[in-house]
Structures are given as structure tokens and as C-alpha cells.
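> Turn this into a model:
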Amino acid sequence: MDQQTPTNLFDLQVDQQSSVFLGESARWARFLAILGFIMCGLIALFGLLAGTILTGTMSSMNMGGASMLGGSLGALVYIGAAIICFFPFLYLYRFATKIRVALGNNDQVTLSESFKNLKSYFKFYGILSIIALGFYAIALIALILGAAVGR
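Here you go, the predicted model:
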């Protein structure tokens, strides 16, 4: 009978097949990160344009100070969304670039840094998902209370 020794994390190695999979994942991650950066830029640009258009439209309707506030608020919402979306794509891009360097140079430290960025990417989206679920729960409670009061 062969005795199997327990495996611990220090015995893990990146073999050739895992290296190929990680390299391909890095290419896709880099592509998605660059696409995300472009989308963040477009969202911010749209926010600036929408804010300007909204300010002009509201001022032509003689809304006074509300036109400036409405346009600025709309622009800030879009720019804020672009900034929030920027960070996970930055983590994904860092993962992609560092994993490629680590695989090319057989560098354990850079490999660890790349996985740290991947962890940050998933952590960011996990926290964002929890926040979104909280908002959905609050909206559902408000909907139920509104329906109960309306009867």
C-alpha cells in the first residue's frame, strides 16, 4: 500500500498546463480590462455631455438655479459611476500584466502580487454586490410599505 502524504499549499506548483491556462486567462483579463477602461471613459464623457445638455435644456425652460444644480448632479452621478467602475478594471489589468511577467520570468513574488490583484478584483465586486443587495432589500421594503399605506 502506498502511503499518501498530506498535501499542503507549499507543495503546489504551476505546471505547464496551468501555465498555459493562466497565460490565456491573462490575455482575456487584459482585453476585458482595456475594454472596461474605454467604457469608464465613455461613461465619464457621457456624464459631462449629459450634464451640459441638461443644464442648457433646463435653463431654456427658465428653471433658474435648478438648471445648474440638475446638470451638475447628473454629471456627478455619471462621473462617480465611472470612477467606481475604474478600480476593478485596474485590479484586473494589474493581474493580467503581472501574471504574464511572472510566467515569463518564473517569478514567485510577481505571481503572488498578481493573485493579490485578482483577489482585490473579486473582493471589490463582492462588496459592491452586497451593497446592491442591500439597496434591493430597502427598495423591496419601501415597496411593500408603500403598497400597505396605499390601501
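> Please state the offset of stretch 100-108 from the chain centre?
25 Å (C-alpha atoms, centre = their mean, to the nearest Å).
> What of stretch 135-151?
29 Å.
> now swap in stretch 83-90 and tell me
With C-alpha atoms, centre = their mean, you get 5 Å for stretch 83-90.
> Buried residues in that stretch, which are they?
Neighbour counts using 16 or more other C-beta atoms under 10 Å place Cys85, Phe86, Pro88, Phe89, Leu90 of stretch 83-90 among the buried residues. Where you see a C-beta, it was placed from the backbone N, CA and C, and this is true even at glycine.
> quick one: contacts for the last one?
The reference is to Leu90. Neighbouring residues of Leu90 by C-beta atoms under 8 Å, 6 or more residues apart in numbering: Ala33.
> And it, how far from Tyr121?
From Leu90 across to Tyr121, the span is 9 Å (C-beta to C-beta, to the nearest Å).
> Name all residues that sit in contact with these two at the same time.
With C-beta under 8 Å, 6+ apart, Leu90 and Tyr121 have no common neighbours.
> helix or strand for the spatially most central residue of the chain, which one?
The centroid of the chain falls nearest to Pro88 when counting by C-alpha atoms, centre = their mean (3.4 Å). Pro88 is part of helix 65-105, with elements assigned from DSSP states H and E.
> Now do that helix: distance to the chain's middle.
7 Å.
> any idea which helix or strand comes after it?
helix 108-150.
> rewinding a little: what is the nearest of the buried residues of stretch 83-90 to Phe37?
Phe89 (5.6 Å; C-beta to C-beta).
> Tell me, what's the model's pLDDT at the closest one?
Here, the pLDDT recorded for Phe89 equals 97.
> who's in contact with Arg94?
Glu113, Ser114, Asn117 are the contacts of Arg94 under C-beta under 8 Å, 6+ apart.
> Let me have these in a markdown table, extended by neighbour count and pLDDT.
Below are the contacts of Arg94 laid out as a markdown table (neighbours: other C-beta atoms under 10 Å; pLDDT from 0 to 100):
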| residue | neighbour count | pLDDT |
| --- | --- | --- |
| Glu113 | 17 | 95 |
| Ser114 | 24 | 96 |
| Asn117 | 19 | 97 |
